[in-house]
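Enquirer: Give the three-dimensional model of this entry:
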Amino acid sequence: MLNDSLIMAKIISINISPKKGMRKKAVESALLKDDYGIENDAHASGEWHRQVSLLATESIKKMHDKGLDVGPGDFAENITTEGVDLPALPVGTKMTVGTDIELEVSQIGKLCHNRCAIYHQAGDCVMPREGIFVKVIKGGQIKVGDEIKVIR
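Expert: Down below sits the predicted model:
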């Protein structure tokens, strides 16, 4: 039986890159480290609140519907999700991934200082408005298909 206080979703893609400014590569699994981010990803850093980025496939579909050939990872998000309205989650929302990984929403959207290639192609980009960032409260191994439970 599903608890009404939970919204369920899943991981569609996990994406990492060794250097900032590079296109992220999809991987089947990754290690989330406590108060740090994804091991081997250039954006991981325990020094700030944007340790891991998430974007929903529903947001990517909006850009695809504008005629762009885009998919998971093309917006440099670490985790592509399905089944939850990420930008509607308030900062401080807790979520679990798999059986015991804990994340906390730390930022909704971001300021886009330099217009990315997607913005120049479509005149718009969803990541600055609909991408979210989380801090890793309790890390562990994640894999594509893992269930995400958002606790309100």
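
Enquirer: okay, CA-based contacts and neighbour counts for the rest of this
Expert: OK.

Enquirer: What are the buried residues along the lengthiest strand in the chain?
Expert: In the chain, taking DSSP state E as the definition, the longest strand is strand 6-16. Buried residues in strand 6-16, defined by neighbour count with 16 or more other Cα atoms under 10 Å: 7-16.

Enquirer: any idea of the mean pLDDT in the longest helix along the chain?
Expert: In the chain, assigned by DSSP state H, the helix with the most residues is helix 57-64. In this model, helix 57-64 carries a mean pLDDT of 83.

Enquirer: hang on, the earlier thing: need the residues that contact the longest strand of the chain.
Expert: Residues outside strand 6-16 that contact it (Cα atoms under 8 Å, 6 or more residues apart in numbering) are 24-30, 38, 40-42, 57, 72-73, 76-84, 143-152.

Enquirer: Try it again at 7 Å.
Expert: The contact list for strand 6-16 (Cα atoms under 7 Å, 6 or more residues apart in numbering) reads 24-29, 41, 72-73, 77-84, 144-152.

Enquirer: Out of those, which end up buried?
Expert: Neighbour counting by 16+ other Cα under 10 Å classes 24-26, 41, 72-73, 77-82, 84, 144-151 among the contacts of strand 6-16 as buried.

Enquirer: what are the pairing partners of the helix or strand Val150 falls within, and which direction each?
Expert: Using DSSP states H and E, Val150 falls within strand 147-151. Within its sheet, and counting by DSSP bridges, strand 147-151 is paired with strand 6-16 (antiparallel), strand 94-97 (antiparallel).

Enquirer: and those, which one's lowest on average pLDDT?
Expert: strand 6-16 - the lowest mean pLDDT of the strands paired with strand 147-151, at a mean of 85.

Enquirer: which ones are touching the residue most central in space within the chain?
Expert: Central residue of the chain (Cα atoms, centre = their mean): Leu54, 1.1 Å from the mean position. By Cα under 7 Å, 6+ apart, the residues touching Leu54 are 77-81, 131-133.

Enquirer: hmm, try it at 8 Å
Expert: Contacts for Leu54 (Cα under 8 Å, 6+ apart) come out as 77-81, 86, 131-134.
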